[in-house]
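Student: pasting a predicted model and its sequence here:
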Amino acid sequence: MTPTITAFERSPDGGKGLARDMRVRWAFEEVGQPYDVRLVSFKAMKEPAHLARQPFGQIPTYEEGDLVLFESGAIVFHIAERHAGLLPDDANARARAISWMFAAVATVEPPILELQTLRFGEGDKPWSEQRLPLVKDRIRARLSELSARLGDADWLDGAFSAADILMVHALLRLSGSGILDEYPNLSAYIARGQARPAYKRAFDAQLAVFTDASTG
Ligand code: GTB
């Protein structure tokens, strides 16, 4: 059965691949699993039918038969468990890759999201400018640690894994902030991820939603 995911009908980024359906699409493309996409409006995301799938009224979700999942990290993990290629076979290496999956969404991504919230949700607050350096420094602290650990390795822990999908995608939210320029090995790591054919296919698929909509 072909799984169905949900994605923004109109993404605020206009298809730059920053919304979290991108990481799920990328995982599908890596393992060669076809998928369907149901586009949802901001209004529909908060209605009962979608809330039944995603209690917080967000995208992405994943449906396959009776199984309904939410949380992009959990969905990518599910895909990685069901298909070869995104998690190592060796039990210890697999456990380490899973640690890195959690690190991406629970340790590295949160300070990055703080910056997004400050920029796009709190930019009009009187304290916004004052808070900005503090938030950026929190990001730098995490990136310095990540950069030190990655060193000149290609991927987080040996072969490319689902953890790299989540980490690269989390870091991509910093594009345009200038912060990534301070970490050449992280910039190169992101570029390696983006150079993967599966990334490109996923990117093109999510972009097509918006280019088709604007021309049609
Ligand atoms: N922890 C959840 C997960 O990983 O699945 C978070 C899901 C989430 O934040 N979804 C966002 C959403 O549905 C879309 S991805 N937001 C609507 C809402 O909460 O009402 C976040 C996102 C949105 C837009 C951009 N952009 O335009 O650049 C980038 C990322």
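Tutor: Received the coordinates, thanks.
Student: who in this protein is up against the ligand?
Tutor: For the chain, the residues in contact with the ligand (C-beta under 6 Å from any ligand atom) are 11-13, 18-20, 45, 57-59, 71-73. (Glycine included, C-beta is placed from N, CA and C.)
Student: among these, which two are most distant?
Tutor: The distance between the two most remote of these (C-beta to C-beta) is 21.1 Å, for Pro12 and Gly73.
Student: of the two, which one has the most company?
Tutor: Counted by other C-beta atoms under 10 Å, Pro12 and Gly73 do not tie: Gly73 has more neighbours, with 21 against 10.
Student: leaving out sequence neighbours, find the closest residue to the more buried one.
Tutor: Leaving aside its chain neighbours, Gly73 sits nearest to Val105 (4.4 Å; criterion: C-beta to C-beta, 6 or more residues apart in numbering).
Student: buried residues of the helix or strand hosting Val209, list them for me.
Tutor: Assigned by DSSP states H and E, Val209 belongs to helix 197-215. Within helix 197-215, the residues scored as buried using 16 or more other C-beta atoms under 10 Å are 198-199, 202-203, 205-207, 209-210.
Student: what comes into contact with it?
Tutor: The contact list for helix 197-215 (C-beta atoms under 8 Å, 6 or more residues apart in numbering) reads 7-11, 14-17, 19, 21-22, 25-26, 28-30, 37, 39, 168, 193-194.
Student: was I right to think Leu115 contacts Val135?
Tutor: Yes. If you go by C-beta atoms under 8 Å, Leu115 and Val135 touch, sitting 5.2 Å apart.
Student: redo the buried residues of helix 197-215 as a markdown table? Include pLDDT.
Tutor: Shown next, in a markdown table, are the buried residues of helix 197-215 (pLDDT from 0 to 100):
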| residue | pLDDT |
| --- | --- |
| Ala198 | 98 |
| Tyr199 | 98 |
| Ala202 | 98 |
| Phe203 | 98 |
| Ala205 | 97 |
| Gln206 | 96 |
| Leu207 | 96 |
| Val209 | 93 |
| Phe210 | 90 |
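Student: between these, which is nearest Pro111?
Tutor: Tyr199 (23.7 Å).
Student: would you mind measuring from that closest one to Gly193?
Tutor: 6 Å (C-beta to C-beta, to the nearest Å).
Student: which residues do these two both contact?
Tutor: Residues touching both Tyr199 and Gly193 (C-beta under 8 Å, 6+ apart): Val168.
Student: tell me the secondary structure of Ala153, please.
Tutor: At Ala153 the chain is in coil, as set by DSSP: H, G, I helix; E, B strand; the rest coil.
Student: from the ligand, how far off is it?
Tutor: Using C-beta to the nearest ligand atom, to the nearest Å, Ala153 is found at 25 Å from the ligand.
Student: all numbers from here: first residue = 6
Tutor: Done: numbering now begins at 6, and the last item shifts to Ala158.
Student: what are the contacting residues of stretch 49-58?
Tutor: Here stretch 49-58 makes contact (C-beta under 8 Å, 6+ apart) with 11, 14, 45, 59, 62-64, 66, 68, 73, 75.
Student: okay then, goodbye and thanks.
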